[in-house]
Structure formats: structure tokens, C-alpha cells
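Peer 1: have a look; sequence and predicted model below, questions after that.
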Amino acid sequence: MRAFSRLYQTLDQTTSTNAKVQAMAEYFAVASECDAAWAVYFLSGRRLKKLIGASLMRKWLVEISELPQWLVEDCYANVGDLAETIALLISPHSEVDTTTLSLTAQVEALQALALLSEDQQRTAITQWWQQSGYAACFIINKLLTGGLRVGVSQLLVARAIAQHTSLPRAVILHRMMGNWTPDTEFWQTLTSEDDGKAVISRPYPFCLASPLEDSPESLGPADEWFAEWKWDGIRAQLIRRNGETFLWSRGEELITSRFPEIANAAEHLEDGTVMDGEILPWRDNRVQPFSELQRRIGRKTVGKKLLGEVPCIFLAYDCMEYGNTDIREQSLSARRKQLEQVIKKCNHTAVKISELLNTDNWETLATLRTESRQRLVEGLMLKHRDAPFHTGRKRGQYWKWKIEPYTVDAVMIYAQAGHGRRSNLYTDYTFSVWNDDTLVPIAKAYSGLDNKEIAELDKWIRKNTVERFGPVRSVDPVQVFELAFEGINRSSRHKSGIAVRFPRIVRWRRDLSAKDADTLADIKQLIDTD
């Protein structure tokens, strides 16, 4: 546990990619196989299920610290993170831990809490608080609440393991995909010599595109590129191996049972086939609004009624495995031919192929791009004909040429402190627009301002607070900001009657007064004109 705590501190305190990789490689060199497996589990973004509620932990913190509840609550409000507050108030001032549990033993002890009474849980947890140094105490609390986040990507973790084992990073990445149990057997499989075999259900790492910020003419001749619509659905991989079907989301969640129409269609695929594509709501031979797909997202089982109301398809746009052979290093042109054969042989309405658009010249594509909103897509994808299916995001061969986002001018009405390094600053804001003479909230946003603007706004918020609601402050409604968002739909769950997707701040409109902000009618008109 001490070694993992030190690793976490190192990763948290440096922005150097090489330093992070080196720190992880050094940890893997000394950790036990089981500890290394758990480290990979947490470093790759996986988490334990929430074990203890925050309210209980706050109650125990007041009791153990022997501090007045108001002072503990004030500390928590200022720090902004419960795990960090507990570590600051309870853990020994020395960084020396008196506990000797390994990472694996600590995790097992945490998981065993589910079998204990509340009094027994309190005894075990508060003992860890008092015996662990700050870093270990912080991590234990994050594991308890299921909120441990480490500032590294899966690519960096794979790079560190590859450095430790001298195996190709692509092999490590593939082995880290899908469902696995963090134990000695997994670590041995992860680090063993490449035998060319893959777990039947395992997907490939996803290939990601970069946003196109220059004009498309900067990419060279248009006929060197494939162009497709940028679909607005769930990115997924459809796998057919050994007579079984597996449907994985980009978030590495197995969602086969949630889309039975796609799973049934996949039975018509040739064995040894893996395709990349998009799950889309589809009716009358065209895509439906993303809001329709949201009705099925999160449902582990889908009833017959919902299946009929929101039928879905798998729209394929790449093929990574054909005839049980990994073809990712082949050119996109070659993979496209294989994909066309796969879809033709499958011949099922729930598995389709993404159409290629006319790429004779950029002007034609630019014109097509203007039709994106009417077609319920996000713009265009541009892929070089010779590109392999690479891992992660590599600039140069895959581009997303998205349409311009919607923008509105809105008034800030609430502010809340951020988390982690920004826990002492007000960085999370609620914005509203006018509905007659009333300001109605429409979005929350926390990105788009630079550090100087955040510091200036934080100072203003503290001086212009009207009311406090726990960690939230109501502020004088005079600051106007331009917001951008990708999509907008009607919503019965929101007071405003609308829901926006991916809101973020474009700029602080110091030139506008609150009365100049947009109205709810203006925003609803955006829906009606699409």
C-alpha cells in the first residue's frame, strides 16, 4: 500500500509523460504480481463499487477528530473533497505509515466491509485513518467511495508495462481490454510472451480521430481521403468469435444484452469477425434523434414495447479482424473492401455499413457538411485511404470535421467549488436565460475559462454572493457568458423544458448586461428550425 501511495503521489505531482511512465514501470518492477494487477486495474480507470456512504464517513470524521461539526463542515466546504478532508484532519502528520497491508490485502479488507455491521465498519475504517499516512489515507477513502481517479491514460499504463516487459505496447493494450479480474493469473497473462492468441470476447483498442481545426484543403487532394457522416450514437465494437457474439462500448462495457436486435443479427456474421461502428436508433431507413437512444442507454434489459419504439442498428465503418486474422495494419482501403464483403454476406437489416460520400473535391464535401443538422449527424469524418487502424489518437490520418456548435448568451446564477486542485476555487457554474421576466436555468458548465479568468471570477463570486445552499452559492445575476453546446432536445425532466448536450463556456461576455441574454423562446426555436 505504501508503494502504491508513493506512485499515486508521483503521478499526481508531475505533468511529465515520461516521468509518469517511468514511475509506473519502477512500481511494476518491485510490486507483487497481484499488487501489480490491482494497480493496473485502478490506473486504467476501473473502480471498486462504492462501499461506504459519504454521510457515514462525515459522521465518523466528526466523532474521531473531536472537532465541532460546523468546523468539519467548513473544512470540507473549503477543501471540496471528502477523502482529502479526512486525510488532512485525521491521518498522522508524519508520512510514515504504521500499517503493513499490501495493496491487495487492503483492497480485500475494504471489500470485506460489506459483511460487517456498521459499528465494525466504523472501527476498521477509523483505525485505517489513524494509522495511515496522508497519501495512503487519501487513497483508502477514495477507494471506499469509488472515486479514485489517477491522472494517466490507458495508453500510458500500457506503455509503462511494455517498458517493464519489453513486449509491444499494442499487445499489452489488447490484453487490457474487456472484462478481467485483477489477480496473479491476469498479471501473468498480461506480461507473458505474445502467443498470438486473444480471449474470445476481447475487443481491440479504439482508434480515435482529432478535431479538424484548419481548412480541409490543408490535408491535400480530397480524393486521398474517405469521407463519411459523423454519426451521433454509441461507439462500439461488434465481435463474432467461436459462435458467440459480444458488443462492447468504447467505455469497455459489455452491452450485448441491451441490444438484442444487433446480437441476433450478428449470428449471421462469419466467425472471426470484429467490426468498429456506431449503435444508432434507426427507423424508416434513417437515423433518429439521440434523445431516442437515451431511452435505451443504461437499461440492462429492454422490454418489448421499448424495442418496438426505439429499434437500433449497428452501423459499421471499419473491420479490424476478418477470418480470425488481425487486419488492423492493412490500409483503410483494404479493410473497407473486407467490411463490404462482411456486410453483404451478413445481409441483415440490423447491421449496416456507413456510406462513403463523394470526395472529388472539398467544395462538394463542404456543401454536404451544411446538411448535417437536418440529417441528425455531427458533421463529417475524414480518413486517409492508406491509414491503418491505430490505437488511440494519432494526428494526421483520422479527422472529425464537426459542424459549428449552437451558441447562446446566458446569465450565471449559481457557482460551486471545483474538486482536487481547484477545490478552493469556484469553477462550476449554472447558467440561465430569460423566460418573460424570470431567469430559468438551462445548463451547467465548468470548462472554457483560463486560470486568470477563473481567479477573477472566483473573487467576484465571493463578493457578490446572495445566498448559500450548502456548497452552492447564488450570485448576483449580472455576469453574461457565451455558451456552446452540441445538441438540444425538449425534456420534461427539466424546468426549462429543454436539455442541452456538452455545454461549455466560449467566452465571458463583459460587453453585455443581463438583459441582453437570450430567451428560452430563442433556444426552443433552435429545435424547431432543425
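Peer 2: That came in fine, so what should we check first?
Peer 1: how about the nearest residue to residue 370, chain neighbours excluded?
Peer 2: In space, and not counting its chain neighbours, residue 370 is closest to residue 403: 8.0 Å by CB to CB, 6 or more residues apart in numbering. All C-beta spots, glycine's among them, are computed from the backbone N, C-alpha and C.
Peer 1: count of neighbours near that neighbour?
Peer 2: The burial count assigned to residue 403 is 16, neighbours taken as other CB atoms under 10 Å.
Peer 1: so how far is residue 229 from it?
Peer 2: 11 Å (CB to CB, to the nearest Å).
Peer 1: now do the shared contacts for those two.
Peer 2: Each of 372, 379 lies in contact with both residue 403 and residue 229 under the rule CB atoms under 8 Å, 6 or more residues apart in numbering.
Peer 1: the nearest residue to residue 328 once chain neighbours are set aside in helix, strand or coil?
Peer 2: Of all residues not flanking residue 328 in the chain, residue 389 sits nearest, at 3.9 Å (CB to CB, 6+ apart). Secondary structure, DSSP: H, G, I helix; E, B strand; the rest coil: residue 389 is coil.
Peer 1: number the residues from 157 up from this point.
Peer 2: Fine by me, first position is 157 from now on; the one you just mentioned is residue 545.
Peer 1: give me the neighbour count for residue 545.
Peer 2: Counted with other CB under 10 Å, residue 545 comes out at 22.
Peer 1: mind listing what it touches?
Peer 2: With contact set as CB under 8 Å, 6+ apart, residue 545 has these partners: 360, 363, 432, 474, 476, 484, 485, 488, 491.
Peer 1: helices or strands up against the host helix or strand of the fifth one?
Peer 2: Remark: residue 476 resides in strand 468-478, with elements defined by DSSP states H and E. Secondary-structure packing of strand 468-478 (3 or more CB pairs under 8 Å, 6 or more residues apart in numbering; DSSP states H and E): strand 390-397, helix 416-422, strand 429-439, helix 488-502, strand 507-509.
Peer 1: what pairs with whichever helix or strand comes after it, parallel or antiparallel?
Peer 2: Downstream of strand 468-478, the first helix or strand assigned by DSSP H and E is strand 481-482. The strands that strand 481-482 pairs with in its sheet are strand 468-478 (antiparallel) (by DSSP bridges).
Peer 1: just the angle between the strand it pairs with and helix 488-502, please?
Peer 2: Interaxial angle of strand 468-478 relative to helix 488-502 (axes from the mean of the first three to the mean of the last three CA atoms, to 10 degrees): 120 degrees.
Peer 1: angle of strand 468-478 against strand 429-439?
Peer 2: Here strand 468-478 points in a direction 170 degrees away from that of strand 429-439 (the same axes, to 10 degrees).
Peer 1: what mean pLDDT does strand 468-478 get?
Peer 2: Averaged over strand 468-478, pLDDT sits at 97.
Peer 1: ok now it, how far from the chain's centre?
Peer 2: Chain-centre distance of strand 468-478: 22 Å, with CA atoms, centre = their mean, to the nearest Å.
Peer 1: got the CA coordinates for it in CSV?
Peer 2: Taking Å, rounded to 0.1, in the frame of the first residue of the first chain, the C-alpha atoms of strand 468-478 are listed here in CSV:
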residue,chain,number,x,y,z
CYS,A,468,-31.4,0.2,-33.1
ILE,A,469,-28.8,-0.9,-35.6
PHE,A,470,-25.1,-1.4,-35.7
LEU,A,471,-23.7,0.9,-38.4
ALA,A,472,-20.2,-0.4,-39.3
TYR,A,473,-17.4,1.7,-40.6
ASP,A,474,-14.3,-0.4,-40.2
CYS,A,475,-13.2,-4.0,-39.9
MET,A,476,-10.3,-5.0,-37.6
GLU,A,477,-10.5,-8.8,-37.7
TYR,A,478,-11.5,-10.9,-40.7
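Peer 1: centre of this structure to the edge, which residue is at the far end?
Peer 2: residue 222 (39.0 Å; CA atoms, centre = their mean).
Peer 1: stretch 410-423 spans what distance, first to last residue?
Peer 2: 17 Å (CA to CA, to the nearest Å).
Peer 1: ok, and for it, which residues are buried?
Peer 2: By 16 or more other CB atoms under 10 Å, the buried positions in stretch 410-423 come out as 411, 412, 414, 415, 417, 418, 419, 421, 422.
Peer 1: swap in stretch 542-562?
Peer 2: Result for stretch 542-562 [16+ other CB under 10 Å]: buried residues 543-547, 553-555, 557-559, 561-562.
Peer 1: which of those residues sit farthest apart?
Peer 2: 544 and 562 (35.3 Å; CB to CB).
Peer 1: relative to strand 390-397, how tilted is the strand holding residue 476?
Peer 2: Using the same axes, to 10 degrees: strand 468-478 against strand 390-397 is 50 degrees.
Peer 1: can you list contacts of the helix or strand where residue 232 lies?
Peer 2: Assigned by DSSP H and E, residue 232 belongs to helix 225-235. The contact list for helix 225-235 (CB under 8 Å, 6+ apart) reads 214, 217-218, 221, 238, 241, 244-245, 573, 579-580, 626-627.
Peer 1: ok, then the element right after that helix?
Peer 2: Moving toward the C-terminus from helix 225-235, the next helix or strand (DSSP H and E) is helix 238-246.
Peer 1: ok, and what's touching that following helix?
Peer 2: With CB under 8 Å, 6+ apart as the test, helix 238-246 has contacts from 210, 213-214, 217, 220-221, 223, 228, 231-232, 235, 282, 285-286, 290-291, 293-294, 297-298, 300-301, 303, 579.
Peer 1: can you tell me how far the residue most central in space within the chain sits from residue 279?
Peer 2: Nearest residue to the geometric centre of the chain (CA atoms, centre = their mean): residue 407, 7.0 Å. To residue 279, residue 407 is 37 Å away according to CB to CB.
Peer 1: in this protein, where is pLDDT below threshold?
Peer 2: For the chain, residues meeting the criterion pLDDT under 70 lie at 248-255, 350-354, 575-577, 684-686.
Peer 1: who's in contact with the nearest residue to residue 483 once chain neighbours are set aside?
Peer 2: Excluding the flanking residues, the one nearest residue 483 by CB to CB, 6+ apart is residue 491, at 5.9 Å. The neighbourhood of residue 491, defined by CB under 8 Å, 6+ apart, consists of 474, 475, 476, 483, 484, 545.
Peer 1: kindly report the same for residue 611.
Peer 2: Neighbour list for residue 611: residue 581 [criterion: CB under 8 Å, 6+ apart].
Peer 1: and what of residue 523?
Peer 2: Residue 523 touches nothing, counting by CB under 8 Å, 6+ apart.
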